[in-house]
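Trainee: Sequence first, then the predicted structure:
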Amino acid sequence: MFDLFNTLIGASNSGRVETTRAMGAVLGLDPEQFRSAFANAWHERMMGTLGDLGEQCRRIAHRLGAEPTAEQIDRAVDLRDTFNRRTMVVSDETLSVLSTLRAQGLPLAIVSNCTVDSGAVLAETPLAHAVDATVLSYQVAACKPDPRIYAMACDAIGVPPASCVYVGDGADRELYGARDVGMTTYQTTQFAHTDRTWPGPTIGGLAEVPELVANGRPGAGR
């Protein structure tokens, strides 16, 4: 079971702020005010309570006293989608690791705190076909470290938590959530050392996972 951002792919922030400000500008808003409001709505966007990206733009703009046209909203959505497609790049190494694990007969899942727009772009990547289940927060109205999202992922692949290995960078206290439901949990620092408070086992990258599983080491890291 894998996290998405900074685990299977890097979570590049290059251009993110500029893109969000540009979205605000085309919506007829102060760019920095929109950027701040968009960022502050993070949890709502992850939970899916603000609708799709166009509806998010409309509702956040409304909160700021604006009523953008449909054309303005479409332009803002295009800016964000272009950014997502540019940054959501899946490496051959990641796909090779997933292929190796599948060849070992292991069911695979992605569990991510994810917005609607990111989920749409994820579905266009090779990852969509490289795993057996994808459980995204906006789809299930639960964000890590809520134990419900881990339970839903376990149900999706038909494996109890005690038999699962979870790998993530540690954002949103995801590692603690996975550990607390009984999963063998590893932090990966391949893209970022996100949670330096994590006291459990840490690996340098995904390439280490097949050997860990093959050697039967998962279980000691809970």
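Mentor: Here it is on my side, so go on. Numbering: from 1, shown residues only.
Trainee: list the contacts for Met47?
Mentor: Met47 makes contact with Ser137, Tyr138, Ala141, Ala142, Cys143, according to Cβ atoms under 8 Å, 6 or more residues apart in numbering. The way it works is simple: take the backbone N, C-alpha and C, and place the C-beta from them, glycine included.
Trainee: before we move on, which element is Ser14 in?
Mentor: With elements taken from DSSP states H and E, nothing contains Ser14; it lies in neither a helix nor a strand.
Trainee: and the closest residue to it other than its chain neighbours, how many residues sit next to it?
Mentor: Across the structure, with Cβ to Cβ, 6 or more residues apart in numbering as the measure, the residue nearest Ser14 apart from its sequence neighbours is Thr87 (7.5 Å). Here the number of neighbours of Thr87 (other Cβ atoms under 10 Å) works out to 19.
Trainee: Mind pulling up the pLDDT for Thr87?
Mentor: Model confidence at Thr87, given as pLDDT, is 91.
Trainee: For the lengthiest helix in the chain, list the C-alpha coordinates in CSV.
Mentor: Secondary structure assigned by DSSP state H gives helix 70-87 as the longest helix of the chain. What follows is helix 70-87, C-alpha atoms only, in CSV (Å, rounded to 0.1, in the frame of the first residue of the first chain):
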residue,chain,number,x,y,z
ALA,A,70,-18.1,30.2,-16.9
GLU,A,71,-15.3,31.2,-19.4
GLN,A,72,-13.2,32.6,-16.5
ILE,A,73,-13.7,29.4,-14.5
ASP,A,74,-12.8,27.3,-17.5
ARG,A,75,-9.5,29.2,-18.0
ALA,A,76,-8.6,28.8,-14.3
VAL,A,77,-9.3,25.0,-14.5
ASP,A,78,-7.1,24.8,-17.6
LEU,A,79,-4.2,26.5,-15.8
ARG,A,80,-4.4,24.0,-12.9
ASP,A,81,-4.9,20.9,-15.1
THR,A,82,-1.8,22.0,-17.1
PHE,A,83,0.2,22.3,-14.0
ASN,A,84,-0.9,18.9,-12.7
ARG,A,85,-0.1,17.2,-15.9
ARG,A,86,3.3,18.8,-16.1
THR,A,87,4.3,17.7,-12.5
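Trainee: so how far is that helix off the chain centroid?
Mentor: 19 Å (Cα atoms, centre = their mean, to the nearest Å).
Trainee: For that helix, enumerate the helices and strands it packs against.
Mentor: Other elements packing on helix 70-87 under the criterion 3 or more Cβ pairs under 8 Å, 6 or more residues apart in numbering; DSSP states H and E are helix 16-26, helix 53-63, helix 116-122.
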